[in-house]
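Asks: Fold the following for me, if possible:
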Amino acid sequence: MLQKIFKPKNTTLIASNDISQVNVEMDRYDRIFQGSRGYGFVDFDVSAKQAYWHGGFWKHLGYEDSDIYNKDEPSKNISAGRSFIKLLHRDDRAKFVVSILRLIRKLPTEDFIFRIARKDGHYVWIELRLDALCNPLGKVTHLSGVVIDVTALKETEYALKMSEARHERIIQSSNDGIWEWATKWRKKKGGGPDEYERVWSSEQFSSRCWEMIGFSEDDDEVKEGMSAWRRLIHPEDLNRFEKVLDDHLHKRSTVYESEYRVRNKQGEWCWILCRGMMECDDQGRPMTISGTNMDITALKLAEKRVLKAKEEAEKASQAKSEFLSSMSHELRTPLNAILGFAQLLELNENLTQEQQSNTREIKAAGKHLLELVGDVLDLAKIEAGHLALNLERVPLSRTLNECVALLKAQIDKRKLNLKVLFDNIDSILIFADPIRLKQVVLNLMGNAIKYNKTEGDIYLKACVTEQNHVRVSVKDTGYGISRERQIELFQPFNRLGAERSGIEGSGIGLVITKQLVEQMQGTIGYSSEPGVGSEFWVEFPVVNSSLSKDTMKHRTFNDPHKPELKITEHKKILYVEDNPASLKLMQKMLEYFPNLDLTAVGLGVQGLYVARSDIPDLVILDLNLPGISGYEIVDILKQDPRTKHVPVVALSANALASDIEKGKAAGFDHYLTKPLNLNELIDVFNDLLGSSTNTPQ
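Replies: Below is the predicted model of the structure:
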């Protein structure tokens, strides 16, 4: 309905039927306007200073009828006079009044777009589209029009301005150049009616594109544009530049990206990273391609320095590896004599008690020096950022028994009861690092000792699961771990509150254990109940069910007794070694086994001659021989039909894991490292020669 804010002085009476017709028309106009998403009509009587509103404008702003029309106090009506002006945003009031006055005076006027307060205090953007109506004398009598809420439009406009400003700031801060190349299509000369060819119609480069290579707007190159830019591209890069661009234009690549060199104004080469993307017309043909140029000269120079530094670091690393390998070899060679002859002295039953004690001291010092050599090699691995594992087939029962022996004193001191439950694991092998596997078991058992109750129980169990995995579990009857704190297990330096118990520890043992187990292709798990105890277990795949020659890599120098040779027949052994002390040691060791006939030679060529002329039952080769290496000798022997079935054993001071793998790959039946362990040597003889002999009954 029409809402009259101020009552007109002169009112014309209208017949009731005419009034009904007017209402029908107004309802129709109201529906049409609402359908156009408008929010009302306004009609302002200039001479009477009266405003008439129709539609839902004020209700859209949250106002009630009592706010719009107050019969008793017309001045308080929000739609009239100063009350209406007060609802406008203070920054828009003066502009609104000026625009109204200019419209009344029939002067050019801007759009009536302003902010007006809702009843809840928030502002919305409103547009008045008014038209001035004049009397016969040409004087404006009415301002009439529609009211539209343009808040969404203004918010979008504001967001667009912010986005443009943000992009402008980004472009300015990035210091990149901007370019755009436009294309057009023309009929191809001599082609059919539907054949078109692409031509570049315009090229635009921002000033920054040229500034980064030293040119200004006054230079001829800048005025020439793309043709000059192409001339500046390095000849070796121009074809690649063209190909990448052509691939993008033919949609063989989604993004245009190219790195190339450009000669700057000083004649030096600069590196440019060019990125862009094209826009196509309705037929899918390229219209424009826009992008940026980035100066990456400094990045390329830094990349060159990094590559050079990387090469130098690799050379240094290679030199260090060669030095460590050489040092290990040079130290192990004399250790071979020290520990080897110490073993022989222990086998001598005629030594006095003092001589036996001296021999043990020599042997202990040699073992300590051997451990130092290993520590130096481990240090190199730690400096590289990781400790590589030497995975091999390991007999599980031996590792577990060694751990029990090492911890027996601690178990007895705490008055704990250790119960060992092994279920048919004597012949079980797993693929692991023997040292790290022992570290895992010692850590789990050590925790069971530390966190157990006095006179409590420890259960060490090992069995084979249905999935052909071997499970090793360590269970204690200690204090257990609460369910709330179990999620904190395997967190470094987290001792789950035990730091206040007086029990020593760092909180990293389980973390290291978990990492080692997973690197050895195993899994770790646990269960715990407060007041009852905890159980930790590890599982590894079973790789073999019987011992093999690979398991004999575990060496010990502690057994002073002569090992048992299970071969009764006479066997011919050929030993090729250029070190006199090593030759003498082998001769002295085999004197204890009369049925082994040893032939020792110092030259590789001589060893080949002996092996072919008097076929031995087994050959032992040093790898670093003068004239011809042990690798070459084993290759020749394995290809010769007369000697290809003769087992060949490497005996070398090259003891790195890579050396051992290289030896096995070369065809050696076994790889022994110096210092030579007599027990291990006899195990090799039993393994490689025993299959064709009769063992004692």
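Asks: Okay, now stretch 262-282: how far is its last residue from its first?
Replies: 35 Å (CA to CA, to the nearest Å).
Asks: how much distance is there from it to the middle of the chain?
Replies: 32 Å (CA atoms, centre = their mean, to the nearest Å).
Asks: which parts of it are buried?
Replies: Neighbour-count burial for stretch 262-282 flags 262, 264, 270-274, 276, 278 (criterion: 16 or more other CB atoms under 10 Å). Backbone N, C-alpha and C define where each C-beta goes, glycine included.
Asks: Okay, and which of these map to strands?
Replies: 262, 270-274, 276, 278 (DSSP state E).
Asks: ok, P626 touching E577?
Replies: No. Contact criterion CB atoms under 8 Å: P626 and E577 do not qualify, at 11.2 Å.
Asks: neighbour count winner among the two?
Replies: Counting neighbours by other CB atoms under 10 Å for P626 and for E577 shows that E577 has the greater number, 25 against 10.
Asks: Max pairwise distance over the buried residues of stretch 262-282: which two?
Replies: Greatest spacing in these, by CB to CB: N264 and M278 (27.8 Å).
Asks: Show me what the longest helix that the chain contains is packed up against.
Replies: Under DSSP state H, the helix in the chain containing the largest number of residues is helix 297-347. Applying 3 or more CB pairs under 8 Å, 6 or more residues apart in numbering; DSSP states H and E, we find helix 297-347 packed against strand 269-280, helix 353-383, helix 580-590.
Asks: Let me see the mean pLDDT of it.
Replies: Taken as a whole, helix 297-347 carries a mean pLDDT of 80.
Asks: Please apply the same query to stretch 424-432.
Replies: The pLDDT scores in stretch 424-432 average 84.
Asks: try stretch 55-65
Replies: Here the average pLDDT along stretch 55-65 is 80.
Asks: And stretch 476-490, what's buried?
Replies: For stretch 476-490, a neighbour-count test (16+ other CB under 10 Å) marks 476-481, 489 as buried.
Asks: lowest-confidence helix or strand of the protein?
Replies: strand 3-4 (a mean of 34; mean pLDDT, DSSP states H and E).
Asks: Quick check: can you name the pairing partners of the helix or strand that D43 is a member of and their directions?
Replies: Under the criterion of DSSP states H and E, D43 resides in strand 41-45. Taking DSSP bridges as the criterion, strand 41-45 forms sheet pairs with strand 50-54 (antiparallel), strand 140-149 (antiparallel).
Asks: list the buried ones in it?
Replies: 41-45.
Asks: In strands only, show me the buried residues of stretch 476-490.
Replies: D476.
Asks: just the buried residues of stretch 476-490 now: which is nearest I633?
Replies: L489 (53.9 Å).
Asks: hang on, that closest one packs against L510?
Replies: Yes. Taking CB under 8 Å as the definition, L489 is a contact partner of L510 at 6.4 Å.
Asks: got any residues that touch both of the two?
Replies: Residues touching both L489 and L510 (CB atoms under 8 Å, 6 or more residues apart in numbering): there are none.
Asks: Tell me the pLDDT of S658.
Replies: At S658, pLDDT is 74.
Asks: so what's the spatially closest residue to C403 that is not a sequence neighbour up against?
Replies: Of all residues not flanking C403 in the chain, V441 sits nearest, at 4.5 Å (CB to CB, 6 or more residues apart in numbering). V441 sits next to 399-400, 403, 472, 474 when contact means CB under 8 Å, 6+ apart.
Asks: Sort out which of these are in strands and list them.
Replies: Using DSSP E, the contacts of V441 in strands are 472, 474.
Asks: you'd agree E569 is in a helix?
Replies: No. According to DSSP: H, G, I helix; E, B strand; the rest coil, E569 belongs to no helix; its state is coil.
Asks: where does the stretch 51-200 of the chain dip in pLDDT?
Replies: 70-76, 80-81, 167-168, 170-174, 184-200 (pLDDT under 70).
Asks: how about the helices of it, start to end?
Replies: Here the stretch 51-200 of the chain has its helices, by DSSP state H, counting those that start in this stretch, at 57-60, 65-68, 81-87, 93-104, 151-174.
Asks: Comparing the ones you listed, which comes out most buried?
Replies: Of the helices of the stretch 51-200 of the chain, the one with the most neighbours on average (mean count of other CB atoms under 10 Å) is helix 57-60, at a mean of 19.
Asks: Identify all contacting residues around that helix.
Replies: By CB under 8 Å, 6+ apart, helix 57-60 touches 39-40, 42, 67-68, 78-79, 147, 149.
Asks: Quick one: these as a markdown table, columns for distance to M287 too.
Replies: Shown next, in a markdown table, are the contacts of helix 57-60 (distance: CB to CB, whole Å):
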| residue | distance to M287 |
| --- | --- |
| Y39 | 41 |
| G40 | 44 |
| V42 | 46 |
| D67 | 55 |
| I68 | 54 |
| I78 | 53 |
| S79 | 52 |
| V147 | 41 |
| D149 | 37 |
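Asks: Which two of those have the greatest separation?
Replies: Within these, D67 and D149 form the most distant pair, 17.9 Å apart (CB to CB).
Asks: Can you give me the pLDDT of L608?
Replies: At L608, pLDDT is 91.
Asks: er, Q355 I mean
Replies: 85.
Asks: Now do the contacts for it.
Replies: L345.
Asks: one more time with 7 Å
Replies: By CB atoms under 7 Å, 6 or more residues apart in numbering, the contact list for Q355 is empty.
Asks: got it, and L389?
Replies: L389 makes contact with 433, 436, 519-520, according to CB under 7 Å, 6+ apart.
Asks: can I get these in a markdown table with neighbour count and distance to L103?
Replies: A markdown table is the format used below for the contacts of L389 (neighbours: other CB atoms under 10 Å; distance: CB to CB, whole Å):
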| residue | neighbour count | distance to L103 |
| --- | --- | --- |
| D433 | 20 | 92 |
| R436 | 20 | 91 |
| Q519 | 16 | 84 |
| M520 | 20 | 88 |
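Asks: and S253, which of the three is it?
Replies: Following three-state DSSP, the label given to S253 is coil.
Asks: Same question for the one 5 residues further on.
Replies: Going by three-state DSSP, the secondary structure assigned to S258 is strand.
Asks: wait, isn't it in contact with K243?
Replies: No. Counting by CB atoms under 7 Å, S258 stays clear of K243, with 8.9 Å between them.
Asks: Could you check which of those two is surrounded by more residues?
Replies: S258 (19 against 12).
Asks: Relative to T297, how far out is that one?
Replies: From S258 across to T297, the span is 15 Å (CB to CB, to the nearest Å).
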